[in-house]
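S.K.: Sharing a model that was predicted from the sequence below.
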Amino acid sequence: MNSHTAAIQRSLPPDDTPRERPTTTSNDSRSDRHLGQAELDEFGARLDELRRRTLADIGDADARYIRRIRLAMRACVVAGRALLFLGWFPPTWILGSLLLGLGKILENMELGHNVMHGQYDWMNDPELSGKSYEWDIDGPSDFWRHTHNHVHHAYTNVMGKDDDIGYGLARLFPDQRWKPHYRWQMWWVSIQALLFQYSVAVQDLRLDKYFKGKPLPDFKQKLRAFWHKVARQSAKDYLFFPLLALAAGASFGAVLAGNALANVIRNLWTFTVIFCGHFTEKAAVFPPSILENESRGHWYLRQLQGSSNMTGGPLFHILTGNLSHQIEHHLFPDLPARRYAALSVEVRKLCEEYGQTYNTGTMAGQFATVVRRLWVYRKSNRELGLPAST
């Protein structure tokens, strides 16, 4: 184990040998071959070995890459804000808003999300520490580390365990129990997309439990942290920089509107990328019983079957935070995301060898299937002629 490996830790189920368990899911659009326990163990061992080989190769090239991303992000933000100070002149205002939005996307996706997974802890750079990084979005980073790193990645697409399934607003699978408000979910989800940073921010507050009167011992503490972060972000984008522009003789309104547009651009992009990660046509969901005595191999298999990739060029992958390689991210969440493209070649070969669907497609194609899910499952299973959900 080299010096880089020691700093990157990962939580996986114990490498034991449980009883043989089913590997089928509720998604009939997949054509996955059933794997017995011996094959599952072998499948897990092959992925463990792939991870070990990649860890051993991590080094200076990865450090240079993330530093360049950080530099590019800062350049986009500074250039965008400077152009917005030129006022309402359409070419500069539009370009400034786009550059600022691009900077926010880079910071949230390729920098913040990946850093908070501990992908660069081995660098011992305080600015890239997974435990202390605070990202440029309304949700506190500690909230994200809990809901995303600890809950979503552990219980990926497990009904009743993974709160990311529909984010409490949407029904995307027939396995979800239907509720009347799902009837209008196309409207709710459209609003959610525009304000996605707030949707992410409130997730850890568990407002559903709060309004049902269920005990939440740390609710007040989390609510204070939420409002503190929202106030700080809002003051920065909607007061400090507009007032700075006014003091410099520039337009308060142009900077305010440009900042708002940049946030909307970031929100729409992150919403689309994240919803394409686990809600596409071939993404599978699982019953809670799947977790009983789950082996390492079966954990890997669940991550594979519940995730969706997107095809594109190098810039596209960077802008998605390499979540266009969602499968590889869920198999290896603490490996530097720039490695996922190379890993995807070997993961795809393993899928072919073990008869598993490798769920990938263009962003447009994958998102179209998400929209179709939203449209179809706004109706109850009874209306759709499907068995009742439990």
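M.R.: Perfect, thanks for sending it.

S.K.: Tell me the secondary structure of the residue lying closest to A45 once chain neighbours are set aside, please.
M.R.: In space, and not counting its chain neighbours, A45 is closest to G297: 7.5 Å by CB to CB, 6 or more residues apart in numbering. In this view, the C-beta of every residue, glycine as well, is placed from N, C-alpha and C. Following DSSP: H, G, I helix; E, B strand; the rest coil, we place G297 in the helix state.

S.K.: what's around G297, how many residues?
M.R.: 27 (other CB atoms under 10 Å).

S.K.: I'd guessed it sits against G36; true?
M.R.: No. G297 is beyond contact range of G36, at 10.3 Å (criterion: CB atoms under 8 Å).

S.K.: Please report phi then psi for K161.
M.R.: Backbone torsions of K161, given as degrees, to the nearest 10, read phi -120, psi -40.

S.K.: let me redo that: F286
M.R.: phi -140, psi 150.

S.K.: What sits closest to it if chain neighbours are left out?
M.R.: V158 (5.0 Å).

S.K.: do the same with F43
M.R.: G297 (4.8 Å).

S.K.: same deal with Q233?
M.R.: D138 (4.9 Å).

S.K.: cool, H325 as well?
M.R.: Y340 (3.6 Å).

S.K.: tally of neighbours for the one you found?
M.R.: 23.

S.K.: for it, what are its contacts?
M.R.: Listed by CB atoms under 8 Å, 6 or more residues apart in numbering, the contact set of Y340 reads 317, 322, 325, 328-329, 332.

S.K.: what do you get for R145?
M.R.: R145 neighbours (CB under 8 Å, 6+ apart): 116, 130-131.

S.K.: Of the residues you listed, which is the nearest to L386?
M.R.: Top of the list for closeness to L386, among those and by CB to CB, is M116 at 38.1 Å.

S.K.: Please report the distance of the residue nearest to F286 from W269.
M.R.: Applying CB to CB, to the nearest Å, the value for V158 to W269 is 27 Å.

S.K.: which residues does the residue nearest the centre of the chain contact?
M.R.: Note on the chain: the residue nearest the mean C-alpha position is I274, at 4.9 Å, using CA atoms, centre = their mean. Shown in contact with I274 (CB under 8 Å, 6+ apart): 164, 196, 323.

S.K.: and if you look at E346?
M.R.: Contacts of E346 by CB under 8 Å, 6+ apart are L50.

S.K.: So it, which state does it fall into?
M.R.: E346 ends up helix, using three-state DSSP.

S.K.: Give me the pLDDT for it.
M.R.: On pLDDT, E346 comes in at 98.

S.K.: could you measure it against L246, distance?
M.R.: On the measure of CB to CB, E346 and L246 end up 55 Å apart.

S.K.: Please apply the same query to H278.
M.R.: 44 Å.

S.K.: Look at these two and report which has more neighbours.
M.R.: H278 (23 against 14).

S.K.: any chance of the contacts of I274 in a markdown table, with neighbour count and distance to P90 too?
M.R.: Formatted as a markdown table, the contacts of I274 follow (neighbours: other CB atoms under 10 Å; distance: CB to CB, whole Å):
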| residue | neighbour count | distance to P90 |
| --- | --- | --- |
| D164 | 21 | 38 |
| F196 | 24 | 26 |
| L323 | 26 | 32 |
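
S.K.: quick check, nearest of those residues to G101?
M.R.: Nearest to G101 among the contacts of I274 is F196, at 12.9 Å by CB to CB.

S.K.: what about the residue sitting furthest away from the middle of the chain, which SS state?
M.R.: When each C-alpha in the chain is compared with the mean C-alpha position (CA atoms, centre = their mean), G249 comes out farthest, at 40.1 Å. Following three-state DSSP, the label given to G249 is coil.

S.K.: who's in contact with it?
M.R.: G249 makes contact with no residue, according to CB under 8 Å, 6+ apart.

S.K.: Quick one: residues contacting Q185.
M.R.: Counting by CB under 8 Å, 6+ apart, Q185 has contacts 169-171, 374, 378.

S.K.: Which helix or strand contains it?
M.R.: Assessed by DSSP states H and E, Q185 sits inside helix 185-194.

S.K.: Report the mean per-residue pLDDT for that helix.
M.R.: 98.

S.K.: and what of stretch 57-74?
M.R.: pLDDT averaged over stretch 57-74 gives 99.

S.K.: what sits up against it?
M.R.: Taking CB under 8 Å, 6+ apart as the rule, stretch 57-74 contacts 4-5, 8, 103, 106-107, 110-111, 114-115, 120, 122-123, 127-128, 318, 335-336, 338-339.

S.K.: Buried among the residues you listed? Need that as a selection in PyMOL.
M.R.: Of the contacts of stretch 57-74, the buried ones go into a single PyMOL selection, burial set by 16 or more other CB atoms under 10 Å:
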select buried, resi 4+8+103+106+107+110+111+114+115+120+122+123+128+318+335+336+338+339
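
S.K.: picking that back up, give the next helix or strand downstream of the helix holding Q185.
M.R.: Next element after helix 185-194 (DSSP H and E): helix 196-202.

S.K.: residues in contact with Q326?
M.R.: Contacts of Q326 (CB under 8 Å, 6+ apart): 276-278, 307-310.

S.K.: quick one: W227 and N267, what's the gap?
M.R.: Taking CB to CB, one finds W227 at 19 Å from N267.

S.K.: ok, how many other residues are close to R67?
M.R.: The burial count for R67: 15, using other CB under 10 Å.

S.K.: Moving C-terminal from the helix or strand where it lies, which element do we reach first?
M.R.: Using DSSP H and E, R67 falls within helix 60-84. Counting by DSSP H and E, the next helix or strand C-terminal to helix 60-84 is helix 90-106.

S.K.: Next, the angle from that next one to helix 60-84.
M.R.: Angle, helix 90-106 to helix 60-84, by axes from the mean of the first three to the mean of the last three CA atoms, to 10 degrees: 150 degrees.

S.K.: What residues of helix 90-106 count as buried?
M.R.: For helix 90-106, a neighbour-count test (16+ other CB under 10 Å) marks 92-93, 95-106 as buried.
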